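A.B. asks: Following is a predicted model, sequence given first.
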Amino acid sequence: MSNHHEEPGHGDSPAAWTAVVVMLIGIAAGTVFFFLHMATLVWVCVGVVAFGALLGFILAKAGYGVNGPRYTPKSHD
């Protein structure tokens, strides 16, 4: 058992939250469009999901990731 109490940083950052929210919107909309047989809009949503992943990467490189200089962690008391 480890006595290591430091938070490992599992993506609780603005970059991660932005990426996840954009991708969840893309997946939810894509599911609706798939159900409605709108293939073109399903592929647009695939692009939105890919854009969300790219956006998270870009924001992390811009300093909004867990170890970025623009990120200040919140205290979890």
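C.D. replies: Here it is on my side, so go on.

A.B. asks: burial measure for G68, as a count.
C.D. replies: Counted with other Cβ atoms under 10 Å, the neighbours of G68 add up to 16. Glycine gets a C-beta too; all of them are placed from N, C-alpha and C.

A.B. asks: Mind checking what secondary structure the nearest residue to it once chain neighbours are set aside has?
C.D. replies: Leaving aside its chain neighbours, G68 sits nearest to A60 (6.6 Å; criterion: Cβ to Cβ, 6 or more residues apart in numbering). What DSSP: H, G, I helix; E, B strand; the rest coil gives for A60 is helix.

A.B. asks: who are the neighbours in contact with A60?
C.D. replies: By Cβ atoms under 8 Å, 6 or more residues apart in numbering, A60 lies in contact with 13, 15-16, 66, 68.

A.B. asks: Out of these, flag the one nearest to V32.
C.D. replies: In terms of Cβ to Cβ, no member of the contacts of A60 lies closer to V32 than A16, at 24.9 Å.

A.B. asks: which SS class is the closest one?
C.D. replies: helix.

A.B. asks: how near is the residue lying closest to it once chain neighbours are set aside to P14?
C.D. replies: Nearest-residue entry for A16: G56, 6.2 Å, with adjacent residues in sequence omitted and distances by Cβ to Cβ, 6+ apart. Noted for G56: a distance of 10 Å to P14, by Cβ to Cβ, to the nearest Å.

A.B. asks: ok, now how distant is A29 from A62?
C.D. replies: To A62, A29 is 26 Å away according to Cβ to Cβ.

A.B. asks: ok, these two, which is more surrounded?
C.D. replies: A29 (16 against 13).

A.B. asks: tell me which element the spatially closest residue to the more buried one that is not a sequence neighbour is part of?
C.D. replies: Counting by Cβ to Cβ, 6+ apart, the nearest residue to A29 once its immediate chain neighbours are dropped is C45, at 5.0 Å. Secondary-structure assignment from DSSP states H and E places C45 in helix 39-59.
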